[in-house]
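Novice: Here is my input; please provide its structure:
(one chain, ligands or ions: 3)
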Amino acid sequence: MYAKVIVDVPAKQTNRAFDYFVPEAMRSWVAIGSRVGVPFGPRKVQGFVIDLHTRSDLDPSKVKPISEVMDLYPPLTPDLVQLAGWISRTYLCHEITALQAMIPGALKAKYERHVKAADDSLGGNGESGQFAMLLPEQREMIRYVRDKGSVQLESLLEKFGSDAALIKQLMAEGLLYEVQMIKDRMAAKKVLTVFPADNAELLKEAESQLPARAAKQKEVLRYLADHPAPIKLTELLHELGISAGTVKSLADKGLLTIKEVEVFRDPYAKRSFAKTRPLPLMPEQQQVYGRISRAVAAREHRVFLLHGVTGSGKTEVYLQSIQTCLDQGREAIVLVPEISLTPQMVERFKGRFGDQVAVLHSRLSHGERYDEWRKIMLRQVSVVIGARSAIFAPFTKIGLIIIDEEHESSYKQEESPKYHARDVAVARASQHDAVVVLGSATPSLESMHGTLAVSAAARRAATGGMPGGAPAITEAGAAAAADTALNERVPFELLTMHNRVEGRPLPPVHIIDMREELRTGNRSMFSRALYKAIEERLHKKEQTVLLLNRRGYSTFVMCRTCGYVAQCPHCDISLTFHQSSRAIRCHYCGYAERELTVCPSCGSEHIRHFGTGTQRVEEELGKLFPGIRVIRMDVDTTTEKGSHEKWLTMFRNRQADVLLGTQMVAKGLDFPHVTLVGALAADTVLNLPDFRAAERTFQLLTQVAGRAGRHELPGEVFVQTYAPEHYSIISASRHDYRSFIDKEMTLRKLHQYPPFHRLILITLSHEQIPLLMRTAESMAVRLKELAKESGLSQVEILGPVASPIARIKDRYRFQCMIKYRGEASISGLVKRAVASFEDVERQHKMTISVDVDPQVLM
Ligand SMILES: Nc1ncnc2c1ncn2[C@@H]1O[C@H](COP(=O)(O)OP(=O)(O)OP(=O)(O)O)[C@@H](O)[C@H]1O
Ligand SMILES: [Zn+2]
Ligand SMILES: [Zn+2]
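Specialist: Ligands and ions are numbered 1, 2, ... in the order given. Next comes the predicted model:
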């Protein structure tokens, strides 16, 4: 039997499967999705089996055998392996990178360098010849390595005073040689557990026969007869105040056994979740639930876009739809944005489905994540809730995939593989004939466009070709054929919930023109109206949420005398001030220096951090309302594990009057006493050079406004802005998604932006501008040539231009943008263009990165 293996060497030359022989003894363990260790050149590397064959096209004598199988059960399912191929072709990344993204960090291979001694290292006749010529220390080393079999290089260096030259010499002479070992980063956690003999009578009898001086042993036996369940060794010792020796001697007598048992690190072990029952649904919820659950029951691959206003009860619809899915014996995946993966959200799912739920998010430790993932592997759970990468949960019978807040840009991964979880979800659901629900109060333009694409898809199906009849450049062969099914997009079906639960009204939103405030002499960051509203809430003991959108509003450091702005010496961006460390820091490369007290340019002392940081808002609140209790949530206050949870619990328990924060306070929160929401600077995002600026502004304002008045108490919202006439702000203030989407769609179409045109961003970076510019120029030329050659008329190549952030870590950056229309896959074209620059990449250390459907254009 032969295996096709993708090896853990992310490079263009190795981005294909290699054939390996599967030795007889391993046959029952090797399957598609297995992790294996294989010889690769002089080294041993980890790889994934993506296919199995009875024969190989290569000369059998040249095919090397697999050296080890890493797991008892393959960590990837066959459908995930297929999906990885699709991801690598769709997002133009190495297949190994896609496969690695699907397993938890704990399973990523750790390569250890070990040293072994050559068989004849002691010389032909004992310790003579070559050996005798060595330094005493070197002889000592060889003996040591021989004794141990193999020694990790670092520990050898440590033991022998870290003189690498001595070891190098031994290697050069062939007396020692290096081998590579593959280790997991993390192992399953095991604890010693005591299993009493299962016959209580036997234990009692043994107890009575033991001599009186064995009092401790007698006590253990009595305890175990009364508590026949297995117990952790440490617990037993603690419970009875005895030593391990006592238990050991009972084990020797065969009255109990001590075994290592796997335990799961459970981040929620100490929490209990009150069991909840399905709520009777509101009429709109009932309708939507009916549509979804019928599709789930019919096992049809369908995609629903659920547009439900804030507080319309989308979560309850998700929960009941999942129940339908579980009732069929199938599994469900729920994706939520990282920042809204709050305890409150987890509680709702754990409360309904209890131990059937696994939770995957980045705040878990490596070990906790690994254990949650293993619960999925071992089929101990049937629901997983998690951030982006939870879409790769190794379930085998998926019936339903839910993406909450589907418009969130965090569903796009910014590093390779640069996949969009929404698109991956649709592809994965099609593999399982599963239903996808995309939920949001502010659906993205891309998804809304998906609901309009019905007729286009129907047309394409009829003609069997690509739009406009242009031939698509895709890859030849079986891979492309395998992708066709995953690329086939079903039209999205729009479901709408216009009303909040119990007919509660959406809160009135007041737009405050901050220019007007300034003209009439108010220089504070709070408008008079918002000030009054907060005062009123304090008086009535109701709560306030304040949003300060930090994006585009960095707390940069500026000299008020000469205008000097502190910049990173390695990147073209300004340094930002960090209160906790009193340092100024670069967000891109981590460069940091101490806070400035005098201007390095003019010597003035009037240099300070600028921009309205949450910190300054907190200070000002304290001045305006003495005694006010404020909880501040931003990157500085939420780095500590569990801090997020702590702040929100405090706020829910009404231990604070104001919750002040960045985007993280805008989503998902559901607190009954919040009656006021203030957005302090609504328009900061509008100034970013990003065609999605208006969409982001509308979404953020709608979401944060949605935090007010969700329960009995009516709410009210104030939006402070310098751009009160902007349509995104006006539409958000009227809760008018329709008018926003119409206007925005028209503009996108006019300017040929997504969702009407699609984008691929190619970024090149290098330390020297001339070479970079030349390469970027020829990249654009090459792309144009290829587009022309293949007769793709609807492809436009823009650039090259300097990237908005023109330098990062001392490397300059240029970009080319490809704009194209329709569903035509032009990935083959881009791949060929990039491939023709392989030599430049290698020789000159040029970096070329490709981002398909980019979310960030910097
Ligand atoms: N059928 C129902 N009957 C009574 N209360 C309900 C019902 N459905 C939902 N609720 C309650 O209404 C509130 C709002 O629901 P939920 O948080 O699910 O809204 P949502 O649509 O997810 O809102 P958002 O998009 O703002 O997060 C919650 O407190 C929820 O418990
Ligand atoms: Zn100055
Ligand atoms: Zn920097």
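Novice: hey, let's count contacts and neighbours off CA atoms from now on
Specialist: Fine.
Novice: what residue ranges in the stretch 401-550 of the chain are flagged as low confidence?
Specialist: Where the stretch 401-550 of the chain drops to pLDDT under 70, the residues are 453-482, 550.
Novice: Near ligand 1, which residues of the protein? Just list them.
Specialist: For the chain, the residues in contact with ligand 1 (C-alpha under 6 Å from any ligand atom) are 279-282, 308, 310-316, 441, 501, 668, 670, 706.
Novice: at 8 Å what do you get?
Specialist: Counting by C-alpha under 8 Å from any ligand atom, the positions of the chain adjacent to ligand 1 are 279-282, 285, 308-317, 405, 440-441, 500-502, 667-672, 703, 706-707, 710-711.
Novice: For the closest residue to Ala723 other than its chain neighbours, list the residues it contacts.
Specialist: Counting by C-alpha to C-alpha, 6 or more residues apart in numbering, the nearest residue to Ala723 once its immediate chain neighbours are dropped is Asp683, at 6.6 Å. Residues in contact with Asp683, defined by C-alpha atoms under 8 Å, 6 or more residues apart in numbering, are Thr697, Thr721, Tyr722, Ala723.
Novice: Among the residues of the chain next to ligand 1, which ones are in strands?
Specialist: Secondary structure assignment by DSSP state E places Gly308, Ser440 of these in strands.
Novice: Enumerate the positions of stretch 365-376 that are buried.
Specialist: Of the residues in stretch 365-376, those buried by neighbour count under the rule 16 or more other C-alpha atoms under 10 Å are Gly367, Glu368, Arg369, Tyr370, Asp371, Glu372, Trp373, Arg374, Lys375, Ile376.
Novice: For the residues you listed, could you give me TSV that also reports pLDDT, secondary structure and distance to Pro394?
Specialist: Putting the buried residues of stretch 365-376 into TSV (pLDDT from 0 to 100; DSSP: H, G, I helix; E, B strand; the rest coil; distance: C-alpha to C-alpha, whole Å) gives the following:
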residue	pLDDT	secondary structure	distance to Pro394
Gly367	79	helix	17
Glu368	83	helix	17
Arg369	84	helix	14
Tyr370	84	helix	12
Asp371	85	helix	13
Glu372	89	helix	11
Trp373	89	helix	8
Arg374	86	helix	9
Lys375	90	helix	10
Ile376	92	helix	6
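Novice: Rebuild these as JSON lines, extending it with distance to ligand 2.
Specialist: Putting the buried residues of stretch 365-376 into JSON lines (distance: C-alpha to the ion, whole Å) gives the following:
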{"residue": "Gly367", "distance to ligand 2": "49"}
{"residue": "Glu368", "distance to ligand 2": "50"}
{"residue": "Arg369", "distance to ligand 2": "49"}
{"residue": "Tyr370", "distance to ligand 2": "51"}
{"residue": "Asp371", "distance to ligand 2": "54"}
{"residue": "Glu372", "distance to ligand 2": "53"}
{"residue": "Trp373", "distance to ligand 2": "54"}
{"residue": "Arg374", "distance to ligand 2": "57"}
{"residue": "Lys375", "distance to ligand 2": "58"}
{"residue": "Ile376", "distance to ligand 2": "58"}
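Novice: Run a quick neighbour tally on the residue in the stretch 751-858 of the chain that ligand 3 sits nearest to.
Specialist: Distances from the stretch 751-858 of the chain to ligand 3, computed as C-alpha to the ion, single out Lys809 as the nearest residue at 5.5 Å. Close neighbours of Lys809, defined as other C-alpha atoms under 10 Å, add up to 16.
Novice: Please tell me how far it sits from ligand 1.
Specialist: Computed as C-alpha to the nearest ligand atom, to the nearest Å, the Lys809 to ligand 1 distance reads 39 Å.
Novice: Leaving out chain neighbours, which residue sits closest to that residue?
Specialist: Closest to Lys809 by C-alpha to C-alpha, 6+ apart is His570, at 4.8 Å.
Novice: C-terminal to the helix or strand Leu237 falls within, what's the next element?
Specialist: Taking DSSP states H and E as the definition, one finds Leu237 inside helix 233-240. Of the helices and strands lying after helix 233-240 in sequence (DSSP H and E), the nearest is helix 244-252.
Novice: Go ahead and measure how far that next one is from the middle of the chain.
Specialist: For helix 244-252, the distance between its averaged C-alpha position and the chain's averaged C-alpha position is 47 Å (C-alpha atoms, centre = their mean, to the nearest Å).
Novice: Now it: buried residues?
Specialist: Of the residues in helix 244-252, Thr246, Val247, Lys248, Leu250, Ala251 count as buried by neighbour count, 16+ other C-alpha under 10 Å.
Novice: Output the set of residues of the stretch 651-800 of the chain in proximity to ligand 3.
Specialist: By the criterion of C-alpha under 5 Å from the ion, no position of the stretch 651-800 of the chain is found lying close to ligand 3.
Novice: Low-confidence stretches in the stretch 651-800 of the chain?
Specialist: Counting by pLDDT under 70, the stretch 651-800 of the chain has low-confidence residues at 668, 687-689.
Novice: quick revisit: and the residue nearest to Lys809, how close does it get to Ile808?
Specialist: Relative to Ile808, His570 is positioned 6 Å away (criterion: C-alpha to C-alpha, to the nearest Å).
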